[in-house]
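K.L.:
fold the following and give me the result.
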Amino acid sequence: MPRCAWAGPEPIYQAYHDTEWGVPERDSRALWEKLVLDGFQAGLSWITILKKRENFRTAFAGFDPHVIAGWGEAEVTRLLGDPGIIRHRGKIEATIGNARAWQEIEAKGGFDQFLWRYVEGVALQPRHATQAEVPPSTPLSEQVSKDLRKAGFRFVGPTIVYAFMEACGLVNDHLTGCHCHERCAALKAA
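P.N.:
Okay, here's the model as predicted:
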């Protein structure tokens, strides 16, 4: 069955592509987890993060932002010693700060609502035929990035945010020849 070329030959990557990537995510905590993982990806390949995702979930208390928001230097030190995750002080500290920023947005109406308002609640539906047509960022991802940074988030540059928007289905960037394109298009306003 035809897939987006980036899904490659590895079964874990293909399963992620086929079942998660581009499917509209509307749960605030799940959106936050994906944003954190996209931040950890900066400078690395997504397959690296995907293979360590369960280790990340264990190390970061199931990505419960209410728990992580209370962490300090002891937890940073513990995480820096965990070989199952990406041990980058800046990204770990950003995750703690991002949990606090998430809490503020969540309390003001929901992180899910904050994000989905950028697309008026309906996933964008570009129709790219080739990977070369897919942009690394857009004016919209630049605006979302700017607003997230203003709210206190870090590791949320426009390219990271665009990858996040694709992963969470705010934009359906499955190529038109991919077997997932139409399925995700049908879920655009789920």
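K.L.:
so what's Met1 up against?
P.N.:
Counting by Cβ atoms under 8 Å, 6 or more residues apart in numbering, Met1 makes contact with His179. (Each C-beta comes from the backbone N, C-alpha and C, glycine too.)
K.L.:
which helix in the chain has the most residues?
P.N.:
For the chain, the helix with the greatest residue count under DSSP state H is helix 89-107.
K.L.:
and that helix, what does it pack onto?
P.N.:
Packing contacts for helix 89-107, counted by 3 or more Cβ pairs under 8 Å, 6 or more residues apart in numbering; DSSP states H and E, involve helix 28-41, helix 65-68, helix 73-80, helix 111-116.
K.L.:
how about these, which one is nearest Lys91?
P.N.:
helix 28-41 (5.3 Å; Cβ to Cβ).
K.L.:
chain center to that closest one: distance?
P.N.:
4 Å (Cα atoms, centre = their mean, to the nearest Å).
K.L.:
what does stretch 146-165 give?
P.N.:
On the basis of Cα atoms, centre = their mean, stretch 146-165 sits 10 Å off its chain's mean C-alpha point.
K.L.:
residues in contact with it?
P.N.:
Here stretch 146-165 makes contact (Cβ under 8 Å, 6+ apart) with 34-35, 38-42, 46, 90-91, 94, 97-98, 100-101, 104-105, 135-138, 140-142, 144-145, 171.
K.L.:
and those, which are buried?
P.N.:
For those, a burial check counting by 16 or more other Cβ atoms under 10 Å picks out 34-35, 38-42, 46, 91, 94, 97-98, 101, 105, 137-138, 140-141, 144-145, 171.
K.L.:
tabulate the helices and strands packed on helix 89-107 in a markdown table, adding columns for distance to Arg3.
P.N.:
Formatted as a markdown table, the helices and strands packed on helix 89-107 follow (distance: least, Cβ to Cβ, whole Å):
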| stretch | distance to Arg3 |
| --- | --- |
| helix 28-41 | 20 |
| helix 65-68 | 32 |
| helix 73-80 | 34 |
| helix 111-116 | 26 |
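K.L.:
ok and the strand or helix carrying Ala163 relative to helix 28-41, angle-wise?
P.N.:
Element membership of Ala163 [criterion: DSSP states H and E] is helix 158-167. Interaxial angle of helix 158-167 relative to helix 28-41 (axes from the mean of the first three to the mean of the last three Cα atoms, to 10 degrees): 140 degrees.
K.L.:
pLDDT of helix 158-167, averaged?
P.N.:
Averaged over helix 158-167, pLDDT sits at 98.
K.L.:
for it, buried residues please.
P.N.:
In helix 158-167, counting by 16+ other Cβ under 10 Å, buried: 158-167.
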